[in-house]
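In: Build me a model from this:
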Amino acid sequence: QVQLVESGGGLVQAGGSLRLSCAASGRTLSSYHMGWFRQAPGKEREFVAVVNWSGGRTVYADSVKGRFTISRDNAKNTVYLQMNSLKPEDTAVYYCAAAGGGSRWSYLTQPHEYNYWGQGTQVTVSS
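Out: Model prediction:
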C-alpha cells in the first residue's frame, strides 16, 4: 500500500505561482510512475502531468505545457508540481496518483491507470 498526501495548495492571484508536493509513505515511490490530476467543480477529473519512475520522462496536458513542471525526488519519496503563470481556469482540487512501473506509459493520462490516490489539495486562482 502507498499513502499519498498532497500539500502546498492555496489562494493565489492570476499570474502567481504555487508548488504542490506529494509525499508518500508505506512504500518507496521509486518504482512508480507519478501523475497529477485536477478536478474543478462540476467537471471530470483531468490529467495534468506525469513523470516516469526515474524522473527522466514527462508528459503534460496542453493546457499547462510551458507553465507547469512536474519533478520528483525519490530519495525524499516526494513528487512536486511547480505551477507558474497561474490562471483562474487552473482553479481545482489537485490530486497526485501513483501507477505501478509496469503500467502502459501511453495510457498514463487516464485516471484508471493509477493504483493509489491522495486526498487532494485545493488551488484557487483569483482574477
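In: can you give me the mean pLDDT across whichever helix or strand residue 123 is part of?
Out: Assessed by DSSP states H and E, residue 123 sits inside strand 121-126. Strand 121-126 carries an average pLDDT of 98.
In: Direction included, what does that strand pair against?
Out: The pairing partners recorded for strand 121-126 under DSSP bridges are strand 10-13 (parallel), strand 92-100 (antiparallel).
In: Give me the pLDDT value at the residue nearest to the spatial centre of the chain.
Out: Geometric centre of the chain, nearest residue: residue 36, 2.0 Å, by C-alpha atoms, centre = their mean. Listed pLDDT for residue 36 reads 98.
In: Spatially nearest residue to it, not counting backbone neighbours?
Out: Nearest residue to residue 36, sequence neighbours excluded (C-beta to C-beta, 6 or more residues apart in numbering): residue 48, at 4.3 Å. C-beta coordinates here come from the backbone N, C-alpha and C atoms, glycine included.
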